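Chemist: Predicted model, plus sequence, below.
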Amino acid sequence: MKTRKSNESGFTLIEIIAVVVILGVILTIAVPTVSSYIVSSRKTNYATTANSYLETIRGEYEMKEFGDYIDEDELMIVPVKLIHLETGGKNSSPFGDFDYGRSYAVITTELYTDNYYINFYDSSGYGLLNVKSDSITSSRVEKLNSSDIVDIGVFFTCNNNMYEFNDNVFTYDSKDYVVCDYRVYGSGFSSDYECNNNSDLPVIVMCEK
């Protein structure tokens, strides 16, 4: 019968503890790094999606798909829910589902120059807060509170398949606006059918008070 030599031995308890400690240190360093990389990548995708929506909205506005151009004392709100991207678009961000009432573009005009801003908010609380078209980057994607972005659903109800608007004030860039017009955008609508429920969203034109 073969016997173990005296110099043959397994791992000692101290060696096992040392390995566990080393692995723990490696995980402590690696996990935050990987998590940070994942969040950074998602923010980049978020910004790319926002840019795609805003560029599509710009094109539709310039082609008057939302009706006539606005004046300098007006602004237009375009919900992203109405927009279909050529690449197919998604109803969610890399972090969660879009809150469509708080995800929209704002168009203003000044000195014959149109300005485009984007607001996004999702179910995880990530979003973009009124970021201008030329400033959309991953660094602008941040954690927000739902109260940071106005839910445009507060300006209307859908009653008997028709939109009804109220006098709620929308404060934007230190100015107060109220709804003065709206546009039903998309196919399948007629003069006596504009909406099915309050989850349907119109393009809203607001006038300065």
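Modeler: Happy to help now that I have it. Numbers count the residues shown, from 1 in each chain.

Chemist: Need phi/psi at the residue nearest in space to the middle of the chain.
Modeler: Central residue of the chain (C-alpha atoms, centre = their mean): residue 120, 2.6 Å from the mean position. With angles defined as degrees, to the nearest 10, residue 120 sits at phi -140, psi 150.

Chemist: my guess is it meets residue 140, correct?
Modeler: No: Residue 120 lies out of contact with residue 140 (C-beta atoms under 8 Å); the separation is 10.0 Å. For glycine as for every other residue, the C-beta is placed from the backbone atoms N, C-alpha and C.

Chemist: what touches both of those two?
Modeler: Common neighbours of residue 120 and residue 140, using C-beta atoms under 8 Å, 6 or more residues apart in numbering, are residue 128.

Chemist: that older thread, looking at the residue nearest to the centre of the chain now. What's its pLDDT?
Modeler: At residue 120, the pLDDT value in this model is 96.

Chemist: cool, residue 3 as well?
Modeler: 52.

Chemist: Residue 114 too?
Modeler: pLDDT, residue 114: 96.

Chemist: From here on, call the first residue 267.
Modeler: Okay, using 267 as the starting number, the last item reads as residue 380.

Chemist: pretty sure it contacts residue 325?
Modeler: No: counting by C-beta under 8 Å, residue 380 does not reach residue 325; the two are 11.7 Å apart.

Chemist: More neighbours: which of these two?
Modeler: Higher neighbour count among residue 380 and residue 325: residue 380, with 15 against 10, using other C-beta atoms under 10 Å.

Chemist: Can you name the residues that contact that one?
Modeler: Contacts of residue 380 by C-beta under 8 Å, 6+ apart are 324, 327, 328, 335, 373, 374.

Chemist: so how far is residue 372 from the residue nearest to the third one when sequence neighbours are not counted?
Modeler: Read that as residue 328. Among residues not flanking residue 328 along the chain, residue 380 sits closest, at 7.9 Å (C-beta to C-beta, 6 or more residues apart in numbering). Using C-beta to C-beta, to the nearest Å, residue 380 is found at 11 Å from residue 372.

Chemist: do residue 288 as well
Modeler: Separation of residue 288 from residue 372 (C-beta to C-beta) stands at 54 Å.

Chemist: These two: who's more crowded?
Modeler: Set residue 288 next to residue 372 and count neighbours by other C-beta under 10 Å: residue 372 wins out with 21 against 10.

Chemist: Tell me what the more buried one is bridged to.
Modeler: Residue 372 has these beta-bridge partners by DSSP bridges: residue 343, residue 383.

Chemist: can you count the residues close to residue 414?
Modeler: Neighbours around residue 414, by other C-beta under 10 Å: 15.

Chemist: before we move on, what about the one 4 residues further on?
Modeler: Burial of residue 418, expressed as a neighbour count using other C-beta under 10 Å, amounts to 23.

Chemist: Ok, the one 4 residues further on next?
Modeler: The burial count assigned to residue 422 is 20, neighbours taken as other C-beta under 10 Å.

Chemist: State the phi and psi torsions of it.
Modeler: The phi/psi pair for residue 422 (degrees, to the nearest 10) reads phi -160, psi 170.

Chemist: This completes my enquiry, with thanks.
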